[in-house]
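Participant: Based on what follows, work out the 3D shape:
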Amino acid sequence: MPTSRQPRCSHIRLLPQIGALLFLLLAPLAAPANAQDVSVSIDFRTTLEPHGRWSHHDRWGEVWIPAHEQEEWAPYTRGRWVYTDDWGWYWVSAEEEADWGWVTFHYGRWVYDDEGWIWIPGREWAPAWVTWRRGGDRIGWAPQPPDEIYIEIRDNPRYWVFVEPRDFVSVTLWTEVEPAWRHTELLQQTVIVNRTVIVRERGSIIAVNPGIEPAIIAREVGEPIRTYEVRPRVLAGTAEIKDAIEVRPGEAPGELKKQEPVVRETRNLIEPAKTEQPPQALAPDEKGRLGERPPRAAEGVAPGEESEKKAEEPSKAEGPGKKAEEPTKPEPSKKAEEPSKREEPGKKAEEPIRADQPGKKAEEPSKREEPGKKAEEPSRAEQPGKKAEEPSKREE
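Facilitator: Next comes the predicted model:
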């Protein structure tokens, strides 16, 4: 009997060891795909806890649910859009959402499920994580979900917000939003034209948001629109943005109030587009378009350059409205020369006449003026009557 018990006892002793071995082998397979996001939620927990609750989701792991959510509420509705030369369209949260919007509208992704809108943490910063629609005299945008369900929700009416193009840059944007019952109809009249673009995937990810061409927005508004300069809040170690306000993990909300984000107008103007092409649909596998006016971050120019460089580079990208402002700075002796190289056609005909002496009106403008001027002014100087009169005055 003792002999028969010995093997049975040894098997019992081996069971814990076998279990431990199986755990080590199977644990990586059972680990959640969003394990990195779980650690990110710890970084943002102090900031977001006063404004909502954290919960465990069967599919997405640790998620955050805003506490103030109303029936018609959706991400990217309480605030406004401003266009920046560095990043493209940047979302500015309304005051009531600013304390937590700097996290949830610039990091992570949004999903709508049985509990309503939930935010999934992420470490990549963007001016906004959105997808864009255009057509039928409407512009629409939707919060970008995780990539694996992007195709599933792209035509889901619950995700989209629509406004008329002329109201897109309104400071009271929420009051201009189309009612939810119209979303299905507007989805049929519009096509997806863009989404937030990741331009570097190694190291620190850079994301830009060209969205709808700003010149098209200016055309719809009916006048040039200003660009903006921003100094956003970012989680320390997540985004290399010069002069950004870095927030350390676990930093108390009271400390954040000491350094508010900066959003201010620049002198740069975006002129209205002269023509408007029909919207071109973005292919399902297309990652976004940089457009005719790529944000500087996508061109390899570090956002937040020194002021000297900022004064030089925008002039290359800006429309005629900007070019008309800068020539007023040169010395008086150069005013007659430099504007002729930079000014719009309409200004070329005016400024040389004001600045030049009467005797030079027939000479200098003829070299620079438009074809219509060339045909008129020389003809006055070459008429026989003129030639006979002018010398007589000088001889007297």
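Participant: use CA for all of it now, contacts and neighbours both
Facilitator: Fine.
Participant: Buried ones in the helix or strand encompassing His56, by neighbour count?
Facilitator: If you go by DSSP states H and E, His56 is part of strand 52-57. By neighbour count on 16 or more other CA atoms under 10 Å, the buried set for strand 52-57 is Trp54.
Participant: Let me see the residues that make contact with it.
Facilitator: With contact meaning CA atoms under 8 Å, 6 or more residues apart in numbering, strand 52-57 is reached by 62-68.
Participant: again, but for stretch 193-206
Facilitator: 124-126, 128-134, 207-212, 238-240, 279-282, 287-290, 297-298.
Participant: Which residue is the nearest non-sequential neighbour of Leu290?
Facilitator: Of all residues not flanking Leu290 in the chain, Pro210 sits nearest, at 5.7 Å (CA to CA, 6 or more residues apart in numbering).
Participant: Determine which two of the contacts of strand 52-57 are furthest apart.
Facilitator: The span of those, defined through CA to CA, is set by Glu62 and His68 at 19.2 Å.
Participant: For Glu96, which three-state class applies?
Facilitator: Following DSSP: H, G, I helix; E, B strand; the rest coil, Glu96 is assigned to helix.
Participant: Number of residues surrounding it?
Facilitator: For Glu96, the count of nearby residues is 10 (other CA atoms under 10 Å).
Participant: Which pLDDT value goes with it?
Facilitator: Predicted confidence (pLDDT) for Glu96: 91.
Participant: now Gly237
Facilitator: Confidence score, pLDDT, at Gly237: 83.
Participant: From Ile205, how far off is it?
Facilitator: 11 Å (CA to CA, to the nearest Å).
Participant: before we move on, the earlier item: more neighbours: which of Glu62 and His68?
Facilitator: Neighbour count, other CA under 10 Å: between Glu62 and His68, Glu62 has more, with 21 against 10.
Participant: Which secondary structure element of this protein has the lowest mean pLDDT?
Facilitator: The weakest-scoring helix or strand in the chain, judged by mean pLDDT, DSSP states H and E, is helix 307-312 (a mean of 36).
Participant: State the mean pLDDT of the helix or strand harbouring Tyr83.
Facilitator: Secondary structure assignment for Tyr83, by DSSP H and E: strand 79-84. Strand 79-84 shows a mean pLDDT of 96.
Participant: what sits up against that strand?
Facilitator: Contacts for strand 79-84 (CA under 8 Å, 6+ apart): 89-95, 168-174, 214, 226-230, 295.
Participant: Narrow those to those in helices?
Facilitator: Pro214 (DSSP state H).
Participant: Tell me the buried residues within the contacts of strand 79-84.
Facilitator: 89-94, 168-170, 173-174, 214, 226-230, 295.
Participant: in the chain, which ranges drop under the pLDDT threshold?
Facilitator: For the chain, applying pLDDT under 70 flags the ranges 1-41, 201-204, 250-259, 300-396.
Participant: go again using 80 as the cut-off
Facilitator: 1-43, 68-71, 200-205, 249-261, 299-396 (pLDDT under 80).
Participant: pull the longest strand from it.
Facilitator: The strand that spans the most residues within the chain, counting by DSSP state E, is strand 262-270.
Participant: Listing partners with orientation, what would you give for it?
Facilitator: Within its sheet, and counting by DSSP bridges, strand 262-270 is paired with strand 225-231 (antiparallel).
Participant: and the angle for the partner strand with strand 79-84?
Facilitator: Comparing the axes of strand 225-231 and strand 79-84 via axes from the mean of the first three to the mean of the last three CA atoms, to 10 degrees yields an angle of 100 degrees.
Participant: Who is Gln53 paired with across the strands?
Facilitator: Quick fix: residue 53 reads Arg, not Gln. For Arg53, the beta-bridge partners are Ile65 (DSSP bridges).
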